[in-house]
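Participant: Got a predicted structure here, sequence first:
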Amino acid sequence: MGQRFRRQSPIGVYIADFYCHNLRLVIEVDGKTHQQRQLVHDKKRDVWMQSKGIFVVRVQARDVFENLEGVQGMIEQVVRRRLEEQVEQ
């Protein structure tokens, strides 16, 4: 859809898995390490990013491996929505 995502992109004190600066969109891929104590850290990080106007989408790593087309479709919907929001502003 013409949007560029940087991999392992620094944002403040955090590192985003994938970041599209143009859309202020972060895609996080959560594996098994994103459970229990890590969830508190993830929530804090998401709140911080949202406070900076960055939209965060989280996907499970297993979904990437088992349903890549579904994950791609969901990301395309989010990108489309973010592009529409930019036009409205």
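Facilitator: Yes, it's here. Numbers count the residues shown, from 1 in each chain.
Participant: make it CA atoms for all contacts and neighbour counts henceforth
Facilitator: OK.
Participant: hmm, who's touching the helix or strand containing residue 82?
Facilitator: Counting by DSSP states H and E, the element that carries residue 82 is helix 68-88. By Cα atoms under 8 Å, 6 or more residues apart in numbering, the list of residues contacting helix 68-88 from outside reads 1, 23, 59, 63, 64.
Participant: Redo those as TSV? Include pLDDT.
Facilitator: Listed next are the contacts of helix 68-88 as TSV, based on pLDDT from 0 to 100:
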residue	pLDDT
1	78
23	96
59	95
63	95
64	95
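Participant: Would you state the helices of this protein in chain order?
Facilitator: Counting by DSSP state H, one finds helices in the chain at the ranges 37-51, 61-66, 68-88.
Participant: will you turn the ones you listed into TSV that also has distance to residue 30 and mean neighbour count?
Facilitator: As requested, the helices of the chain are arranged in TSV below (distance: least, Cα to Cα, whole Å; neighbours: other Cα atoms under 10 Å):
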stretch	distance to residue 30	mean neighbour count
helix 37-51	10	14
helix 61-66	5	13
helix 68-88	13	13
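Participant: average pLDDT across the helix holding residue 82?
Facilitator: For helix 68-88, mean pLDDT is 94.
Participant: Measure how far that helix is from the centre of its chain, please.
Facilitator: 11 Å (Cα atoms, centre = their mean, to the nearest Å).
Participant: hang on, isn't residue 5 packed against residue 16?
Facilitator: No: counting by Cα atoms under 8 Å, residue 5 does not reach residue 16; the two are 10.4 Å apart.
Participant: Please say which of these two ends up with more neighbours.
Facilitator: Per other Cα atoms under 10 Å, whichever of residue 5 and residue 16 has more neighbours is residue 16, with 22 against 17.
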